[in-house]
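Peer 1: I need the structure of the sequence given here:
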Amino acid sequence: MASNYFSGNYPELGNRNNILISKIVYNQLPIINSENLLESFVSPFSKEEFLSNIWKKKCLAVITSSERFENLIENHFYSLDLNQLLENSASENIFVWMRNTTSEGGGKIDSFETDNSSTAEICYNSGASLYFRASQDTTDEFVRAMSMDLGINFAGIYAQENTNKGEIEIFVSRTGHYTDWHFDFMENFTFQLKGKKKWIFKQGQVKNPIRGFTPHYNKVDNLEQQLKAHRLSNPNFQSDVNAITNSEFEEITLTEGSVLYFPAGTWHSVECIEDSISINISLIGTTWGDLVTESIRHMLFKQEHWRDIISSSDVNQARQHLTLLLSRLQLDLQGLSAENILPYAVNYPRVEHIDLNLTQPAEEENNDEELEGEDEGEGKGEGEDENENEGENEDEDEGEGEGEGEDKGEFVEQNEDMEINFSSTFRVNPLSVLISQNELDKLNNSSELEQDSNLQHTFIVHVNFGNEELTSTIRTRIIVKNECFKIANWLISRRDPFQVRDILSMYEGTERSSQVPESVKKLLRILSFNGFLSFQN
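Peer 2: A predicted model of the protein is given here:
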């Protein structure tokens, strides 16, 4: 049977008065898997139509049969076996939800955490609902695929773990479980794997919120933080959804096989019509504000007068000094450009180890450590990230986790069109630093240096570490060829622009011709791709 729109309250794309686009589809839709995740999710709309007309603007619900989830459920979600889902969860603790029916509780959700999957299963069998994360392998695969398709991968990465910002949450809900009104700061994609849920939406008042709003929980510690963030964006922000008068409530019931997308900041409540299992892919991007301010902070910390601590008992004197600093701001930020902040490498899964003696980057294992965020102590709503302070990470050892090696094809493609000749000019990115592994090992009195010649020729590129933890947006270890070692070593302290002819006197290869040696071209392309150099002409 041909697909058709719901009638009545469910508009087509052009209607901006409603936020919910619903489509009921009776014909066969693509089977959902990680290879075509976004395309199959938004079908029967095209990916282009979704990104142009729906993404970050409207909710989308597609109602169809459960058959399209069969492979997904079998291969990634243990055929919905609760014991297996709990045992393989990436969560350290499982959230158990119960509604507080006392007069003091007001019917709001109370929750507690347990690290024991058997305890969680007993609670579920006694009528509680559960929230926990999917396995780490499934999370890595699906979050990366969705982030790439949506174009948020280039900046939506936890730099320390080299993993995309996001997670897959599993909601195992009992009939009657109700999540009251709230909204999230993430972009959310929900898959209804089993049972039915009724969702009600209302247009949010804050576009692109930096925090969620979760008044539906008892004793939420960070409501004041949430409220001040939203009042900053909108002084007229209403904390009571019923007080919002410029939009209507809209409702949809998800059945097995249904999918739902709803943008960050969309008010929603959820009622479980029958025992239900659903998953939610929550995606977190990096804001332009964070990207730019971290880059500016990096630039300022290059200058001793910005690194100086504030020491003044006279506020007027402090203001005079700050006025002087602000007058220098434009000069201190000179040279900062979009190319410096966003080198080509940020648009691809990170390649953390490159051996220029090989034709392909060396493959490394994924870091299996869990993403750790700051626990706000408020539990979790439907589609709501358990870590309100997105992107915060407490692991200070940025050099430990090694990312997954990526096929060289994408990598080379971004550099082959760079025509390099003797007069080609390069400039060191002011947001970058080059470190020699040789120097590090000597400082650490490492004996590995003498045993491994590769370590003697390894250099580490760091780009843009203006955040609080000084974590590099890009960290790439490069093993250079022996004939280019002196060139790489010279670049460590170079800050002025240079031409290729300036470095060829340091080239120690046997290749001598009217052309720039290929190994030198390769080194310059790699350093440019990863953000250490910018190509001037």
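
Peer 1: use CA for all of it now, contacts and neighbours both
Peer 2: Will do.

Peer 1: in whichever strand or helix holds residue 339, what's buried?
Peer 2: Under the criterion of DSSP states H and E, residue 339 resides in helix 338-341. Across helix 338-341, burial judged by 16 or more other CA atoms under 10 Å covers 340, 341.

Peer 1: now do that helix: which elements does it pack against?
Peer 2: With contacts taken as 3 or more CA pairs under 8 Å, 6 or more residues apart in numbering; DSSP states H and E, helix 338-341 sits against helix 288-300.

Peer 1: what separates the next helix or strand after the helix it packs on from the chain centre, distance-wise?
Peer 2: Where DSSP H and E defines the elements, the next helix or strand beyond helix 288-300 is helix 304-307. Distance of helix 304-307 from the chain centroid (CA atoms, centre = their mean, to the nearest Å) equals 31 Å.

Peer 1: what is the burial count for the residue nearest to residue 97 when sequence neighbours are not counted?
Peer 2: Excluding the flanking residues, the one nearest residue 97 by CA to CA, 6 or more residues apart in numbering is residue 111, at 4.5 Å. Residues near residue 111, counting by other CA atoms under 10 Å, number 22.

Peer 1: and what of the one 4 residues further on?
Peer 2: By other CA under 10 Å, 13 other residues sit near residue 115.

Peer 1: same thing with the one 10 residues further on?
Peer 2: For residue 125, the tally of surrounding residues (other CA under 10 Å) stands at 11.

Peer 1: ok, now residue 433?
Peer 2: Counted with other CA under 10 Å, residue 433 comes out at 21.

Peer 1: pretty sure it sits in a strand.
Peer 2: Yes. Applying DSSP: H, G, I helix; E, B strand; the rest coil, one finds residue 433 inside a strand.

Peer 1: on that earlier part again, tell me the buried residues in the strand or helix carrying the residue nearest to residue 97?
Peer 2: Here residue 111 sits within strand 109-114, counting by DSSP H and E. For strand 109-114, the neighbour count (16+ other CA under 10 Å) marks 109, 110, 111, 113 as buried.

Peer 1: okay, the second one: pLDDT?
Peer 2: When you say that, I think you mean residue 110. For residue 110, the pLDDT comes out at 80.

Peer 1: what are the contacting residues of the helix holding residue 339?
Peer 2: With contact meaning CA atoms under 8 Å, 6 or more residues apart in numbering, helix 338-341 is reached by 291, 292, 295, 429, 430, 431, 464, 531, 534.

Peer 1: my guess is the residue nearest to residue 97 meets residue 93, correct?
Peer 2: No. Between residue 111 and residue 93 there is no contact under CA atoms under 8 Å: 11.8 Å.

Peer 1: from the buried residues of strand 109-114, pick the one nearest residue 435.
Peer 2: residue 113 (43.6 Å; CA to CA).

Peer 1: quick check: residue 281 touching residue 190?
Peer 2: Yes. With contact defined as CA under 8 Å, residue 281 counts as touching residue 190 (6.4 Å).

Peer 1: those two: which is more packed in?
Peer 2: Legend: neighbour count by other CA under 10 Å for residue 281 and residue 190, higher for residue 281 (26 against 23).

Peer 1: now the helices for the stretch 101-250 of the chain?
Peer 2: For the stretch 101-250 of the chain, the helices defined by DSSP state H, counting those that start in this stretch cover 117-125, 136-150, 223-233.

Peer 1: out of the ones you listed, which one sits most buried?
Peer 2: helix 136-150 (a mean of 19; mean count of other CA atoms under 10 Å).

Peer 1: packing partners of that helix?
Peer 2: Right, helix 136-150 is packed against helix 37-42, strand 163-164, strand 166-173, strand 276-283 by 3+ CA pairs under 8 Å, 6+ apart.

Peer 1: kindly export it (C-alpha atoms) in CSV.
Peer 2: What follows is helix 136-150, C-alpha atoms only, in CSV (Å, rounded to 0.1, in the frame of the first residue of the first chain):
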residue,chain,number,x,y,z
GLN,A,136,30.4,0.0,24.1
ASP,A,137,30.9,-1.7,20.7
THR,A,138,27.4,-0.9,19.6
THR,A,139,27.7,2.7,20.9
ASP,A,140,31.0,3.3,19.1
GLU,A,141,29.7,1.8,15.8
PHE,A,142,26.3,3.6,15.7
VAL,A,143,27.3,7.0,17.2
ARG,A,144,30.2,7.3,14.8
ALA,A,145,28.0,6.3,11.8
MET,A,146,25.3,8.8,12.7
SER,A,147,27.7,11.6,13.6
MET,A,148,29.4,11.2,10.2
ASP,A,149,26.1,11.2,8.3
LEU,A,150,25.0,14.3,10.2
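
Peer 1: for the record, mean pLDDT for that helix?
Peer 2: Helix 136-150 comes out at a mean pLDDT of 91.

Peer 1: quick one: that helix to strand 166-173, angle?
Peer 2: 120 degrees (axes from the mean of the first three to the mean of the last three CA atoms, to 10 degrees).

Peer 1: contact partners of helix 136-150?
Peer 2: 34-35, 37-38, 51, 76, 89-90, 153, 156, 163-168, 281, 283, 368, 370.

Peer 1: low-confidence stretches in the protein?
Peer 2: 1-17, 101-108, 154-163, 217-220, 359-416, 446-455, 511-513 (pLDDT under 70).

Peer 1: longest helix in it, by residue count?
Peer 2: helix 315-332 (DSSP state H).

Peer 1: okay, angle between that one and helix 288-300 too, please.
Peer 2: Going by the same axes, to 10 degrees, helix 315-332 makes 90 degrees with helix 288-300.

Peer 1: going forward, begin numbering at 515 instead of 1
Peer 2: Right, with 515 as the first residue, what we last looked at is helix 829-846.

Peer 1: ok now helix 829-846, how far from the chain's centre?
Peer 2: Put simply, helix 829-846 sits 35 Å off its chain's centre (CA atoms, centre = their mean).

Peer 1: okay, now residue 970: neighbour count?
Peer 2: Residue 970: 20 neighbours (other CA under 10 Å).

Peer 1: report the buried members of the contacts of helix 852-855.
Peer 2: In the contacts of helix 852-855, the ones that pass as buried (16+ other CA under 10 Å) are 805, 809, 943, 944, 945, 978, 1045, 1048.

Peer 1: can I get those in JSON lines with distance to residue 994?
Peer 2: Formatted as JSON lines, the buried ones among the contacts of helix 852-855 follow (distance: CA to CA, whole Å):
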{"residue": "805", "distance to residue 994": "30"}
{"residue": "809", "distance to residue 994": "28"}
{"residue": "943", "distance to residue 994": "19"}
{"residue": "944", "distance to residue 994": "22"}
{"residue": "945", "distance to residue 994": "22"}
{"residue": "978", "distance to residue 994": "22"}
{"residue": "1045", "distance to residue 994": "16"}
{"residue": "1048", "distance to residue 994": "19"}
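
Peer 1: out of those residues, who's nearest residue 535?
Peer 2: After measuring these against residue 535 - CA to CA - the closest member comes out as residue 805, at 32.1 Å.

Peer 1: that closest one and residue 854: what is the separation?
Peer 2: As judged by CA to CA, to the nearest Å, residue 805 and residue 854 stand 12 Å apart.

Peer 1: same deal with residue 1022?
Peer 2: Taken as CA to CA, the span from residue 1022 to residue 854 is 30 Å.

Peer 1: repeat that for residue 581.
Peer 2: 47 Å.

Peer 1: buried residues, stretch 711-731. List them.
Peer 2: 711-731.

Peer 1: hang on, I meant stretch 933-948
Peer 2: 934, 935, 939, 940, 941, 942, 943, 944, 945, 946, 947, 948.
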